[in-house]
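> Got a predicted structure here, sequence first:
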Amino acid sequence: MVTTNTILGLAAGVALGFAGAFGGLGAFLVVLVLGGVGLLAGRWADGRLDLTELAEQLRGAGSDRDRVRR
């Protein structure tokens, strides 16, 4: 079976839907946050996430606005 990003997105949506339907807002938020943590961990394990680049983007370092001023 071929797993595509569409299938993974559908599975995540279904999981969030079940959490919201049967567990309420609290369960929905817990599943959403843990899903995000799992996504980051998976991308890091695959070597597709550079934590230093992510930190720089969150700080705003290296933005286009800074390059124009120089």
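Everything's here; your move. Numbers count the residues shown, from 1 in each chain.
> Report the rounded mean pLDDT for the longest helix that the chain contains.
Of all segments of type helix in the chain, defined using DSSP state H, the longest is helix 5-45. Averaged across helix 5-45, pLDDT comes to 87.
> How is G47 assigned, secondary-structure-wise?
Assigned by DSSP: H, G, I helix; E, B strand; the rest coil, the conformation of G47 is coil.
> distance of the residue most central in space within the chain from R48?
With the centre of the chain defined as its mean C-alpha position, the nearest residue by Cα atoms, centre = their mean is G36, 4.2 Å away. Going from G36 to R48 by Cβ to Cβ, to the nearest Å gives 15 Å. Every residue, glycine included, has its C-beta placed from N, CA and C.
> try T4
Distance of T4 to R48, computed by Cβ to Cβ: 16 Å.
> How about N5?
In this view, N5 and R48 are 13 Å apart by Cβ to Cβ.
> again, but for V2
Using Cβ to Cβ, V2 is found at 19 Å from R48.
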